[in-house]
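A.B. asks: Sequence isn't available, so here's the structure alone:
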Ligand code: PGA
């Protein structure tokens, strides 16, 4: 049985004060929740304070990106060791917004995954097709290319420490969620790809999240699908009421 994950990707939102208000409220309301791994990924500036508040709680901390070098002259970047140091356990990598606005390639995602694993961070590796790609019936080709690139040269053991998020780009922040059937089709494709390239056991144990306009009202139906193991939530993770409901609906 794969334990579900609900992860909140706050993107570039919230001052430290706002972040702490939200975190305190989540901590209070979700303290008794078991059976689901809860993760919040605030912006870098709020990580340190968030980490203090979340220490010994059932809510884990994640970052939204990392750089692949450990230290040095890379102005503006943050290393995996620094994220570990501040208390992160997870890091979102290869998000479509990073691919689109910051020209992140599969090769860069691959380096970031390796660095993250080397310090004990769990990468949440995002893949997903654009609307044009879906309409041209290239969805599976795109997912395959992204998986091949991002997971290049990773050992079976490395793979077993990953989380994958399928986030169709056309569903992110648009209010257009993939239907459970559309999402499950791609999740199953990813799991089968993992089985073919690694092992049946690895493919069965790895958790694959869905992301793209997840809200309280569609969480249950998505989670009902065999290969959907949780959600990466953007907009709806910015309000405690909606995020809490999504977490509760995932159990
Ligand atoms: P959304 O974002 O839930 O606002 O669509 C999801 C994501 O980008 O991870």
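C.D. replies: Yes, it's here. Fair warning: this is a prediction, and the values are worked out from it, not measured in the lab. Numbering: from 1, shown residues only.
A.B. asks: now residue 94: how far from residue 202?
C.D. replies: Here residue 94 is placed at a distance of 19 Å from residue 202 (CB to CB, to the nearest Å). C-beta: built from backbone N, CA, C; applies to glycine.
A.B. asks: What of residue 85?
C.D. replies: From residue 85 over to residue 202 the distance is 30 Å, taken as CB to CB.
A.B. asks: cool, residue 148 as well?
C.D. replies: Look at residue 148 and residue 202: by CB to CB, they are 16 Å apart.
A.B. asks: which of those two has more neighbours?
C.D. replies: Comparing residue 148 with residue 202 by neighbour count (other CB atoms under 10 Å), the higher total belongs to residue 202, at 17 against 13.
A.B. asks: Report the contact partners of the more buried one.
C.D. replies: Residue 202 makes contact with 156, 159-160, 194-195 under the criterion CB atoms under 8 Å, 6 or more residues apart in numbering.
A.B. asks: The same query, at a cut-off of 10 Å, please.
C.D. replies: With contact set as CB atoms under 10 Å, 6 or more residues apart in numbering, residue 202 has these partners: 156-157, 159-160, 162, 191, 194-195.
A.B. asks: ok, now residue 244?
C.D. replies: Under the criterion of CB under 10 Å, 6+ apart, the neighbours of residue 244 are 6, 25-26, 28-30, 33, 38, 216.
A.B. asks: residues near the residue of the chain found nearest the ligand, how many?
C.D. replies: Closest residue of the chain to the ligand, CB to the nearest ligand atom: residue 234 (2.2 Å). Applying other CB under 10 Å, we find 21 residues neighbouring residue 234.
A.B. asks: where's it relative to residue 84, distance?
C.D. replies: Here the criterion is CB to CB. By it, residue 234 lies 24 Å from residue 84.
A.B. asks: and the longest helix seen in the chain, what does it pack onto?
C.D. replies: Taking DSSP state H as the criterion, the chain has its longest helix at helix 180-197. Counting by 3 or more CB pairs under 10 Å, 6 or more residues apart in numbering; DSSP states H and E, the packing neighbours recorded for helix 180-197 are helix 139-150, helix 156-159, strand 163-166, helix 200-205, strand 207-211, helix 216-223.
A.B. asks: May I see the buried residues of that helix?
C.D. replies: When burial is assessed from 16 or more other CB atoms under 10 Å, helix 180-197 yields the following buried residues: 180, 183-187, 189-191, 193-194.
A.B. asks: With stretch 57-74 instead?
C.D. replies: 59-68.
A.B. asks: Could you list which of the residues you listed also contact the ligand?
C.D. replies: Residues shared between these and the neighbourhood of the ligand: none [CB under 6 Å from any ligand atom].
A.B. asks: what's the closest of the residues you listed to residue 51?
C.D. replies: Ranked by distance to residue 51 (CB to CB), the buried residues of stretch 57-74 are led by residue 61 at 5.5 Å.
A.B. asks: Tell me what the closest one is bridged to.
C.D. replies: residue 40 (DSSP bridges).
A.B. asks: ok, it to residue 166 distance?
C.D. replies: 23 Å.
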